[in-house]
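**Q** Let's see this in three dimensions:
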Amino acid sequence: MLVAAAVCPAPPLLVPEVAAGAAAELGDARTACSDALAVLAASRPDLLVVVGAADPDHGGPYPQGSRGSFRGFGVEADVQLGDGEEGPRVLPASLAVGAWLLRHARWGAAPVEGLGIAGPMDTARCLETGRELAARDERVALLVMGDGSAKRTLKAPGYLDERAAAFDAAAAHALGTADVAALAALDTGLAAELQAAGRAPWQVLAGAAEGAGLDGRLLYEDAPYGVGYFVAAWS
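**A** This is a model prediction of the structure:
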């Protein structure tokens, strides 16, 4: 059963070594992520699963001990998903950022696994995946890594789309109020057009939270690089 969840953005820029001189720009987001992870730890889960978007070659489960790297961004920074022997697969970027957040928070409250959501998974499959995760143990927590629209401004990665602000506002409200139905109702086609990589992980969360009766708090909302970033805690 799902007992808690934290929702965090997934840009590698959250890692100060990657952001370099711009590290301070996401300082508030890092602080909010730390606060959300504290909620997870307080829930005393038996299992924590980090969920994030991945390309088709990097979808599926990642056992505890799986390693990731930010060397592709020009820094010698490596991470590991919890403790244990090194796994055979390399974490996708979203899960690597999640692993960094956990290390930064000195996570030790429960075993940790990862799940990469590959490609444009449809809503029904996302919800079913979430239900399966929630049934894994008596007390399950999720760290959900995902961004909103990448088209909030003219300088955004996807340029400006006038629909982006409304989409992000709806997503932020749903995440901040733990509104499972609203998350499940996010338009998959629109999310894809707006390059909102968090849509599928958020809908996995929606499936996991069905019937759990959790309350939500929005801890951070901004679009500093034209991409919607949200931090929320559910408990």
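**Q** for the protein, longest helix please?
**A** Across the chain, the longest stretch assigned as helix under DSSP state H is helix 27-42.
**Q** Mind listing residues that contact it?
**A** 4-9, 14, 48, 101-102, 104-105, 107, 109, 141, 143, 219-220, 222, 229, 231-235 (Cβ atoms under 8 Å, 6 or more residues apart in numbering). Yep, even glycine has a C-beta here, placed from its N, CA and C like the rest.
**Q** Which strands and helices lie in contact with the helix or strand just after it?
**A** Counting by DSSP states H and E, the next helix or strand C-terminal to helix 27-42 is strand 47-54. In terms of contacts (3 or more Cβ pairs under 8 Å, 6 or more residues apart in numbering; DSSP states H and E), strand 47-54 is packed against helix 93-104, strand 112-118, strand 140-145, helix 199-209.
**Q** Now, of the contacts of helix 27-42, which are buried?
**A** Among these, those scoring as buried are 4-9, 14, 48, 101-102, 104-105, 107, 109, 141, 143, 219-220, 222, 229, 231-235 (criterion: 16 or more other Cβ atoms under 10 Å).
**Q** Restricted to strands, list the contacts of helix 27-42.
**A** Among the contacts of helix 27-42, the ones falling in strands (DSSP state E) are 4-8, 48, 141, 143, 219-220, 222, 229, 231-234.
**Q** now the longest helix of the chain: how far from the chain's centre is it?
**A** Mean-position distance between helix 27-42 and its chain equals 12 Å (Cα atoms, centre = their mean, to the nearest Å).
**Q** and that helix, C-alpha only, in CSV?
**A** Extracted C-alpha coordinates of helix 27-42, given in CSV (Å, rounded to 0.1, in the frame of the first residue of the first chain):
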residue,chain,number,x,y,z
GLY,A,27,18.6,26.2,-4.6
ASP,A,28,15.0,26.6,-3.6
ALA,A,29,14.0,23.5,-5.6
ARG,A,30,16.7,21.5,-3.9
THR,A,31,15.5,22.6,-0.5
ALA,A,32,11.9,21.7,-1.4
CYS,A,33,13.1,18.3,-2.6
SER,A,34,14.9,17.7,0.7
ASP,A,35,11.7,18.6,2.6
ALA,A,36,9.7,16.2,0.4
LEU,A,37,12.2,13.4,1.1
ALA,A,38,11.9,14.1,4.8
VAL,A,39,8.2,13.3,4.5
LEU,A,40,9.1,10.0,2.8
ALA,A,41,11.5,9.1,5.6
ALA,A,42,8.9,10.0,8.3
